[in-house]
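Chemist: need a structure here:
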Amino acid sequence: MQTILVIDDDESLQDTIAVMLEQEGFRTASSLNGRDGYEKALSLKPDLIIVDLRLPEMSGMEICKHIRGAQIHTPIIVLSAVGDELDKVLLLEIGADDYVVKPFGRRELLARIRALLRRSHAGAHTVLKFGDTEADLDRRVVLRAGEEVKVTPAEYNLLVYFIQNPDRALTRDMILNSVWGYESFPNTRTVDAHVVKLRQKFEPDPNSPRHFLTVHGVGYRFLP
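Modeler: Numbers count the residues shown, from 1 in each chain. Have a look, this model is predicted:
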């Protein structure tokens, strides 16, 4: 049975989420403040964490940052009533895997949870390769010619998505929905900016890309 940790200072919402998850066959743990929630994340080693953005003692953003800093790769869904684009992009950069705006529906949250758990399970003990680059999905480490390349969580997720979808024309909306987890996103230029970063780090010549190709009027295509 998979365990999900819910960190939210709204006790009523926390209880509602816990009941929903238990009805779906999950085991739940909970915390009402950020500091305690972070400590439970370290000690319980849950399969997934749901954390509110604004918490007493330690914010959701700080929890994400500290968990990833500890090299813990548990999937994280952040809850917030704030729909600001900057918050979304920043949270993804520091390690959150998805972002759900309150109020949300039961089916939406469950779909996000199951998608992240599938992605996490599918990625265990797998190494994906192209050219002189390989991505270790278990360790979330990327190597090029045997040397580790530093990538942000968002860059890593985008790279893995490209490798798993070779030689396909991928629209920016498809990429945003699959990598960032949104049905719609305020600014598709986020994809363009991250593709530029991947080209700089993994193309033999970033100005004449061979792997991360632009499909004009559509989006991108990845060629291994």
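Chemist: C-alpha only now, for contacts and for neighbours.
Modeler: Fine.
Chemist: and Thr3, backbone torsions?
Modeler: The phi/psi pair for Thr3 (degrees, to the nearest 10) reads phi -110, psi 130.
Chemist: What residues does it make contact with?
Modeler: 26-29, 46-48 (CA atoms under 8 Å, 6 or more residues apart in numbering).
Chemist: For it, which non-adjacent residue is spatially closest?
Modeler: Arg27 (4.6 Å; CA to CA, 6 or more residues apart in numbering).
Chemist: so that neighbour touches Leu21, yeah?
Modeler: Yes - between Arg27 and Leu21 there is a contact under CA atoms under 8 Å: 7.3 Å.
Chemist: Quick check: Pro166 touching Phe212?
Modeler: No - here Pro166 lies out of contact with Phe212, judged by CA under 8 Å, at a distance of 10.0 Å.
Chemist: So the two - more neighbours on which side?
Modeler: The neighbour comparison of Pro166 against Phe212 (other CA atoms under 10 Å) goes to Phe212, with 22 against 14.
Chemist: who's in contact with that one?
Modeler: With CA under 8 Å, 6+ apart, Phe212 has these contacts: 195, 198-199, 203, 220-223.
Chemist: for Leu32, same thing?
Modeler: Per CA under 8 Å, 6+ apart, neighbours of Leu32: 7-11.
Chemist: ok, the nearest residue to it once chain neighbours are set aside - contacts?
Modeler: Excluding its sequence neighbours, the residue lying closest to Leu32 (CA to CA, 6+ apart) is Asp9, at 4.3 Å. By CA under 8 Å, 6+ apart, the residues touching Asp9 are 31-33, 52, 55-56.
Chemist: Over to Phe202?
Modeler: Phe202 neighbours (CA under 8 Å, 6+ apart): 133, 144.
Chemist: so how far is Val196 from it?
Modeler: 10 Å (CA to CA, to the nearest Å).
Chemist: what's the answer for Asn33, then?
Modeler: 38 Å.
Chemist: ditto for Lys150
Modeler: Lys150 is 15 Å from Val196, by CA to CA.
Chemist: for Ile76, same thing?
Modeler: 26 Å.
Chemist: These two - which one has more neighbours?
Modeler: Ile76 (25 against 14).
Chemist: pLDDT at the residue nearest the centre of the chain, what is it?
Modeler: When the chain is reduced to its mean C-alpha position, the nearest residue by CA atoms, centre = their mean turns out to be Asp97, at 2.1 Å. pLDDT, Asp97: 87.
Chemist: Sheet partners, orientation included, of the helix or strand where Ile50 lies?
Modeler: According to DSSP states H and E, Ile50 maps onto strand 48-52. Next to strand 48-52 in the sheet, as set by DSSP bridges, lie strand 3-7 (parallel), strand 76-80 (parallel).
Chemist: Lowest mean pLDDT across those, which one is that?
Modeler: Per-segment mean pLDDT for those reaches its minimum on strand 76-80, at a mean of 89.
Chemist: lowest average confidence, helix or strand, in this structure?
Modeler: For the chain, the helix or strand with the lowest mean confidence is helix 85-93, at a mean of 68 (criterion: mean pLDDT, DSSP states H and E).
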